[in-house]
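Undergrad: No letters, just coordinates:
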């Protein structure tokens, strides 16, 4: 974990719900796709955790949903503003588990960490399949970013306004060696139950501290309670005890 000041290079709306934040600064603590950053917002006590969408040696990209006063204030910050950020948090995805044909499945803001994962799987010589799920056409994000990497994602929308009508599980009949997923828990549970393959799930859970001190993001697993921020956010499919 590293604490440093990042400078906003870009803060633009992707649509009415999601925005892209590009931060310039020290990204050396980020070592795996699926890790997250904890951002201190001016005027707010608690930091806000965001999955790292992508990164390079100079910048880190976050995609965030405007859901409350904190993210609404973040949306108003102009380029050039400084932000105190904790980076290198969480365990991230394990690329060595991918096999020959991994399947990446994201829902809503859970699409974000899969972009950086996809890039690194491609760099490792693996050709992933990608499924992205949204409620409606107006919420679709990052599809063009996947296309720019040479990956054509399958899009599902609950209302059928774009791509396949239905949920991501309706598009899962693709042979795959392993799956990676991030999004709503109900979606990830359905994926885990439908896929016969092993997989990793990244939980987008509300956090108090972001580094394991408050125990507020605890998840039940076969090995006892685990903290999403410290022990996750990525867990193996077989670890999770789903609530009835």
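TA: Happy to help now that I have it. Values in this document were obtained by computation on a predicted structure and should not be read as measured data.
Undergrad: and residue 227, how many neighbours?
TA: 20 (other C-beta atoms under 10 Å). To be clear about C-beta, it is placed using only N, CA and C from the backbone, and glycine gets the same treatment.
Undergrad: thought it was touching residue 217?
TA: Yes - using C-beta atoms under 8 Å, residue 227 is in contact with residue 217, at 5.8 Å.
Undergrad: And the helices in this protein, which stretches?
TA: Remark: helices assigned in the chain by DSSP state H are 69-75, 112-123, 143-148, 185-194, 228-231.
Undergrad: Return the residues in contact with the closest residue to residue 42 other than its chain neighbours.
TA: Using C-beta to C-beta, 6 or more residues apart in numbering and skipping residues adjacent in sequence, the residue nearest residue 42 is residue 73, 7.3 Å away. By C-beta atoms under 8 Å, 6 or more residues apart in numbering, residue 73 lies in contact with 41-44.
Undergrad: Check residue 137 too.
TA: Residues near residue 137 by C-beta under 8 Å, 6+ apart: 157, 161-162.
Undergrad: Going by distance to residue 204, which of the residues you listed wins?
TA: Nearest to residue 204, judged by C-beta to C-beta, of the contacts of residue 137 is residue 157 at 19.6 Å.
Undergrad: In contact with the closest one, which residues?
TA: Taking C-beta under 8 Å, 6+ apart, we find residue 157 in contact with 133-137, 139-140, 163-165.
Undergrad: picking that back up, now, among the contacts of residue 137, which is nearest to residue 184?
TA: Nearest to residue 184 out of those is residue 157 (C-beta to C-beta; 14.6 Å).
Undergrad: Centre of the chain to the longest strand seen in the chain, how far?
TA: Determined from DSSP state E, the single longest strand within the chain is strand 2-13. Relative to its parent chain, strand 2-13 has a centroid offset of 17 Å by C-alpha atoms, centre = their mean, to the nearest Å.
Undergrad: Just name whatever secondary elements it is in contact with.
TA: strand 18-24, helix 69-75, strand 82-89 (3 or more C-beta pairs under 8 Å, 6 or more residues apart in numbering; DSSP states H and E).
Undergrad: what about residue 125, distance to residue 100?
TA: 10 Å (C-beta to C-beta, to the nearest Å).
Undergrad: which residues do those two both contact?
TA: Shared contacts of residue 125 and residue 100 (C-beta under 8 Å, 6+ apart): none.
Undergrad: I'd like the helices of the chain as TSV, with distance to residue 173 and mean pLDDT appended.
TA: Shown next, in TSV, are the helices of the chain (distance: least, C-beta to C-beta, whole Å; pLDDT from 0 to 100):
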stretch	distance to residue 173	mean pLDDT
helix 69-75	36	95
helix 112-123	19	97
helix 143-148	20	98
helix 185-194	9	97
helix 228-231	30	87
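Undergrad: ok, of the contacts of residue 157, which one's closest to residue 66?
TA: residue 139 (12.1 Å).
Undergrad: distance of the closest residue to the closest one other than its chain neighbours from residue 158?
TA: Nearest residue to residue 139, sequence neighbours excluded (C-beta to C-beta, 6+ apart): residue 17, at 5.5 Å. Residue 17 sits 14 Å away from residue 158, going by C-beta to C-beta.
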